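*Asks:* give the three-dimensional model of this entry:
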Amino acid sequence: MSLENRLNNFGYDDKEIEELDTPTIQSYLNLVTENLRSNIKKVNRNSFLLILSVILYFLIITENPDAKKVEILFLEINDTKILLSIIPVFFSFVFFQNIALWINSTNLNSLFERLVQKLFELGIFTNTSYKLLPFSLLVDLSKYQFVNKKIHWILKMPIWLILIALLLFPIFFEGYAIFNIIKSKNYNFLSITCALLTLVFFLVTIIHIGYAGKDKIKPNSDKEE
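*Replies:* Here you go, the predicted structure:
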């Protein structure tokens, strides 16, 4: 079995990590670090696309929703109503991908910290392993919000608002976009298909967030003795 497949099936309970030799831990750690960096790049790219698509969507609505032509780089679209149907699908898919990447990165972060503790023989109360993590703005905000107990809760309120906005705004936008398609009464195969796809991605994202805890890597406590 390849190292990557072993990692996917790897439950990171302390006993199992303790049984690994140093070269194997180093190999796991390199692979986890590589995957984390890849996830961070994808999240950054997707976040830019989400912001760009929202800006384009509201520009079309507020400036001239009945415009007959719009040009985007080398692409020319003769009816902006097509964009108002396509953008929500694109947005909902990219947001769902970001949620999946975030959940995967959360699992990898925990595994990274335990492997670092074992490799460098760190104590369980040190935060050195966290400092060695590849930098991610979302992870850094989360650690600041939930781990740093030296900061008064009042000073954490802006971070709370940012985290809530990052999670709720995309969901509200998808709902608003679906409502807008229905409200326009411009029913055709494209608009109905886009509305249904957006709704599907919307529901899948909600379910994914709700069951995120069950997707985390858990110790292999259910192995047969």
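
*Asks:* which ones are touching the nearest residue to Cys194 once chain neighbours are set aside?
*Replies:* Across the structure, with Cβ to Cβ, 6 or more residues apart in numbering as the measure, the residue nearest Cys194 apart from its sequence neighbours is Ser85 (4.0 Å). Using the backbone N, CA and C atoms, a C-beta is placed for each residue, glycine as well. Contacts here follow Cβ atoms under 8 Å, 6 or more residues apart in numbering; on that basis Ser85 touches Ile181, Leu190, Ser191, Cys194, Ala195.

*Asks:* now do Phe93: how many residues are near it, please.
*Replies:* Applying other Cβ atoms under 10 Å, we find 17 residues neighbouring Phe93.

*Asks:* could you verify my assumption that it touches Val200?
*Replies:* No - the pair formed by Phe93 and Val200 falls short of the contact definition of Cβ atoms under 8 Å, at 9.7 Å.

*Asks:* low-confidence stretches in the protein?
*Replies:* 1-16, 18, 63-79, 122-131, 141-149, 151, 213-225 (pLDDT under 70).

*Asks:* and the gap between Leu36 and Ile209?
*Replies:* In this structure, Leu36 lies at 21 Å from Ile209, with Cβ to Cβ, to the nearest Å as the measure.

*Asks:* typed the wrong thing, it's Thr24
*Replies:* Applying Cβ to Cβ, one obtains 34 Å for the distance of Thr24 from Ile209.

*Asks:* can you give me the strands for this protein?
*Replies:* Here the chain has its strands, by DSSP state E, at 70-72, 75-77.

*Asks:* quick check: Ser191 touching Ser184?
*Replies:* Yes - distance between Ser191 and Ser184: 7.5 Å, which falls inside the contact criterion (Cβ under 8 Å).

*Asks:* out of those two, which sits in the more crowded spot?
*Replies:* In terms of neighbours (other Cβ under 10 Å), Ser191 is the more surrounded of Ser191 and Ser184; the figures are 19 against 13.
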